[in-house]
Each structure stands twice: as C-alpha cells, then as structure tokens.
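Undergrad: The following block contains a protein sequence and its predicted model.
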Amino acid sequence: MKKIFVVAVMALMTLSASAQKIGRVSFSELVQLMPEADEARATLKIVSQNADEALQDIYQEYQNKMNQYQQKQASWTPAIKEAKERELMDMQNRLQENQQAFQAEIQQKQNELMEPIYKKAQDMVQKLAKEAGLTAVFDSSSALYFDEAAVIDLTPAARKALKIAEGRTLQSLNEELQAQAAAEQQKK
C-alpha cells in the first residue's frame, strides 16, 4: 500500500511539473538597450565630466604648487620648506578625498538613474509572464540549460513593449559607445 501511494504521489508531481510553463528573458539586454538607459548613460557622462573637470582643477593647482616648490625649495628656509611640504601633502590628500567623493557621487547617481529602469523592465517581464500564463521566468544569462521547446522566450515581446529599436543589439550598443568615445578622443 505504501509503495502504491509513493508511486501515485510521484506520478502527480511529474504531471504537475510538466504542466508548468516556464519562460526566459535576457534581462540585462533589455535594461541596457532601453531608451531610458541611453538617457541615463548621457546623464552619467555629464556628471562624470563635471567631476573630472573639478578634479583636473584641483590637480592643476597641486601641479602648480609642486612646480613652485621644486623651483624655489633651495632658497627657502627650513620652516618655509616644511610649511610648503605640508601644504602639498594637504592638497594631495584633498585631491584623493575629492576623487573618492566624486566616485561615490557618480555611483549613487547611477543607482538613482538605473533603479526606475530596472523596475520598468521587471514590471514588464512580470506582466508579459502573467499574460502568457507562465509559472516562472529565468534570466538567460544565469541559467545553465534551457530546453528551447519547453521554454517561452519573453525577450522579443519585452523588447517591443519597452520600445527597444528593432535590430538593436548589445553588440550594436557597444559599437555606438566605442564610436562616441573615439569621437570624443579626436576632439581632444
């Protein structure tokens, strides 16, 4: 009797497992290719450039003081020389502190900009999954195996719903970003 019960339970589990509909999506692709992500990258670029300019100003001031120190140190008294060395050390510490503060500010801004993008993509995937009657959706990048016949790919529907341009891929995005970086290098 016990064996029959175990076999019956296993048969029911197998039937219920096969009735589940599972989907997959390339979530990072969606997030990176969304138009909102392009806007976030542009904003972050401006924030980063502003931080770089501020750091460059501090660094230039430090370089000027260092050059002055190197040129005039032989003529200074030990007290003046020591004061100038402390001033240089203080400036160097200020430069490092500002660099760390700017990096933290950029990271915070990135999190602030990307949070609604992640949420929008996640909400869209959940909506599409519910509409398709899926019981689970896995990220393509973290799954080791998908039986293509048994899994529904939500990525194309999500791309369309999130207004990602047809034909735009991660490779084309990388090419765009590299072209932008090359154009900026030529301007300098």
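TA: Right, received. Where do you want to start?
Undergrad: so where do the helices sit in this protein?
TA: Assigned by DSSP state H, the helices in the chain fall at 2-19, 27-33, 35-72, 78-132, 155-161, 170-187.
Undergrad: what's the second one packed up against?
TA: Okay, so that is helix 27-33. Here helix 27-33 touches helix 78-132, helix 155-161, helix 170-187, going by 3 or more Cβ pairs under 8 Å, 6 or more residues apart in numbering; DSSP states H and E. C-betas here are computed from N, CA, C, even on glycine.
Undergrad: and the first one with helix 35-72, angle?
TA: Angle of helix 78-132 versus helix 35-72, following axes from the mean of the first three to the mean of the last three Cα atoms, to 10 degrees, is 170 degrees.
Undergrad: So which elements touch helix 78-132?
TA: Contact analysis of helix 78-132 by 3+ Cβ pairs under 8 Å, 6+ apart lists strand 22-25, helix 27-33, helix 35-72, strand 136-139, helix 155-161 as its packing neighbours.
Undergrad: make it 6 Å
TA: helix 27-33, helix 35-72, helix 155-161 (3 or more Cβ pairs under 6 Å, 6 or more residues apart in numbering; DSSP states H and E).
Undergrad: Of the helices of the chain, which stretch is the most buried?
TA: Most buried of the helices of the chain, by mean neighbour count (mean count of other Cβ atoms under 10 Å): helix 27-33, with a mean of 20.
Undergrad: Can I get the helices of the chain in JSON lines including distance to residue 149 and mean pLDDT?
TA: JSON lines is the format used below for the helices of the chain (distance: least, Cβ to Cβ, whole Å; pLDDT from 0 to 100):
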{"stretch": "helix 2-19", "distance to residue 149": "12", "mean pLDDT": "42"}
{"stretch": "helix 27-33", "distance to residue 149": "22", "mean pLDDT": "95"}
{"stretch": "helix 35-72", "distance to residue 149": "32", "mean pLDDT": "94"}
{"stretch": "helix 78-132", "distance to residue 149": "16", "mean pLDDT": "95"}
{"stretch": "helix 155-161", "distance to residue 149": "17", "mean pLDDT": "94"}
{"stretch": "helix 170-187", "distance to residue 149": "25", "mean pLDDT": "89"}
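Undergrad: Turn these into TSV, columns for distance to residue 138.
TA: Shown next, in TSV, are the helices of the chain (distance: least, Cβ to Cβ, whole Å):
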stretch	distance to residue 138
helix 2-19	15
helix 27-33	10
helix 35-72	22
helix 78-132	11
helix 155-161	12
helix 170-187	19
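Undergrad: now for those, which one comes closest to residue 143?
TA: Closest of the helices of the chain to residue 143 is helix 27-33, at 11.3 Å (criterion: Cβ to Cβ).
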